[in-house]
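>>> With the sequence up front, the predicted model follows.
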Amino acid sequence: MSLYRDTAVVLRVQKLGEADRIITLLTRRYGKIRAVAKGVRRTTSRFGARVEPFSHVDVQLYTGRTLDVITQVQTVDAFGAHIVDDYQRYTTACAVLETVDRLAAEEGEPVLRLYLLAVGALRALSGRERDPSQVLDAFLLRAMSFAGWAPALLECARCGARGPHSAFNVPSGGAVCPQCRPAASVRPSAQTLPLMAALLHGDWDQVDRADAVARREASGLIAAHLQWHMERQLRSLPLVERSAPALVRERAASGRALPVADPDADHRQNE
């Protein structure tokens, strides 16, 4: 029996048999790992609640023949407690975890930067100091940088000419100059590409100054760029409620009531 220990983020869980679960973890030193948590679905389980998605844990495992087995779990950060009761933050956190799961394709390969990005995004969502859409967009841009897919924002993606440029083309890799611009390029507002650069580099003062149009366009371009390179759609991304802050202001100004979301319904749809 080979025991090892590491800190990890719980990415997802699957039922196994009558009382067990398969837990997918992103660990600090060993990358993505799938392990069995025995008996966690029983009410008498010692650590069932500690291995739920969004949890940041210190976990001990031993190496099994096909799947490793979790023997001890201690909570490092209970991010889920401050995420699951807010629909927008919950769906945003789901998109973060799904992106991490897709990018960490090979099990057992260390991905320290991706692990740190995931912990940072969950901590920001749990802390509730920033708009969830901003947290998600910053995370996705940095995750794409980790994967080698970062869009060109300050120079032409094709010829490298310094910008700013007014057009963006996802298949070309980002901003494009007038000479390289393909026919299907989009022309975002003047603030959009600088906003994306600010999100990538953590310039939050500039992010806070961006208007609603630039934020909406940036979110759309980031999502399109990510899914183009992944060659598949993230299932959780369409569920993210991007327009909540603007909707709150609009409804408040007009005196109309806000709609009541049903997080359980969307959770059932995800399943």
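That came through, no problem. Residues are numbered from 1 along each chain as shown.

>>> Flag the shaky bits of the stretch 1-150 of the chain, pLDDT-wise.
Under the criterion pLDDT under 70, the flagged ranges of the stretch 1-150 of the chain are 1.

>>> now the helices for it?
Chain-ordered helices for the stretch 1-150 of the chain, with DSSP state H, counting those that start in this stretch as the definition, fall at 87-103, 112-127, 132-147.

>>> In CSV: the ones you listed, plus mean neighbour count.
Where you see a C-beta, it was placed from the backbone N, CA and C, and this is true even at glycine. Formatted as CSV, the entries for those read as follows, by neighbours: other CB atoms under 10 Å:
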stretch, mean neighbour count
helix 87-103, 23
helix 112-127, 20
helix 132-147, 22
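
>>> want to throw those into a markdown table with distance to Pro182?
Converted to a markdown table, those look like this (distance: least, CB to CB, whole Å):
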| stretch | distance to Pro182 |
| --- | --- |
| helix 87-103 | 27 |
| helix 112-127 | 31 |
| helix 132-147 | 20 |
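
>>> now for the ones you listed, which one comes closest to Ile222?
Ranking the helices of the stretch 1-150 of the chain by their distance to Ile222 (criterion: CB to CB) puts helix 132-147 first, at 5.2 Å.

>>> Contacts only, for the closest residue to Glu109 other than its chain neighbours.
Using CB to CB, 6 or more residues apart in numbering and skipping residues adjacent in sequence, the residue nearest Glu109 is Gly31, 4.5 Å away. With contact taken as CB atoms under 8 Å, 6 or more residues apart in numbering, Gly31 is in contact with 104, 106-111.

>>> returning to that earlier point: the helices of the stretch 1-150 of the chain: which one's closest to Leu239?
Closest approach to Leu239 among the helices of the stretch 1-150 of the chain (CB to CB): helix 87-103, 4.6 Å.

>>> So which elements touch that closest one?
strand 3-16, strand 20-27, helix 112-127, helix 132-147, helix 263-270 (3 or more CB pairs under 8 Å, 6 or more residues apart in numbering; DSSP states H and E).

>>> is it possible to export the ones you listed to CSV including distance to Leu154?
Conversion of those to CSV gives the following (distance: least, CB to CB, whole Å):
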stretch, distance to Leu154
strand 3-16, 31
strand 20-27, 31
helix 112-127, 21
helix 132-147, 13
helix 263-270, 37
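
>>> Identify whichever of the helices of the stretch 1-150 of the chain lies nearest to Val73.
Closest approach to Val73 among the helices of the stretch 1-150 of the chain (CB to CB): helix 112-127, 16.4 Å.

>>> which outside residues touch that closest one?
With CB under 8 Å, 6+ apart as the contact definition, helix 112-127 has outside contacts at 9, 26-29, 54, 56, 77, 79, 81-83, 89, 92-93, 96-97, 100, 103-104, 130, 132, 135-136, 138-139, 142-143, 146.

>>> what's the angle from that helix to helix 87-103?
Note on geometry: by axes from the mean of the first three to the mean of the last three CA atoms, to 10 degrees, helix 112-127 and helix 87-103 are set 170 degrees apart in direction.

>>> Report the distance from helix 112-127 to the chain centre.
What separates the centre of helix 112-127 from the centre of its chain is 9 Å, taken as CA atoms, centre = their mean, to the nearest Å.

>>> May I have it as CSV, with CA atoms only?
Listed in CSV are the C-alpha atoms of helix 112-127, where the atom choice follows Å, rounded to 0.1, in the frame of the first residue of the first chain:
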residue,chain,number,x,y,z
LEU,A,112,0.3,23.7,-10.7
ARG,A,113,-0.7,26.9,-12.5
LEU,A,114,-4.1,25.6,-13.4
TYR,A,115,-4.6,24.4,-9.8
LEU,A,116,-3.7,27.9,-8.5
LEU,A,117,-6.0,29.5,-11.0
ALA,A,118,-8.9,27.3,-9.9
VAL,A,119,-8.3,28.0,-6.2
GLY,A,120,-8.1,31.7,-6.9
ALA,A,121,-11.3,31.8,-8.9
LEU,A,122,-13.2,29.9,-6.3
ARG,A,123,-11.8,32.1,-3.5
ALA,A,124,-12.9,35.2,-5.4
LEU,A,125,-16.4,33.8,-6.0
SER,A,126,-16.7,32.8,-2.4
GLY,A,127,-15.5,36.2,-1.2
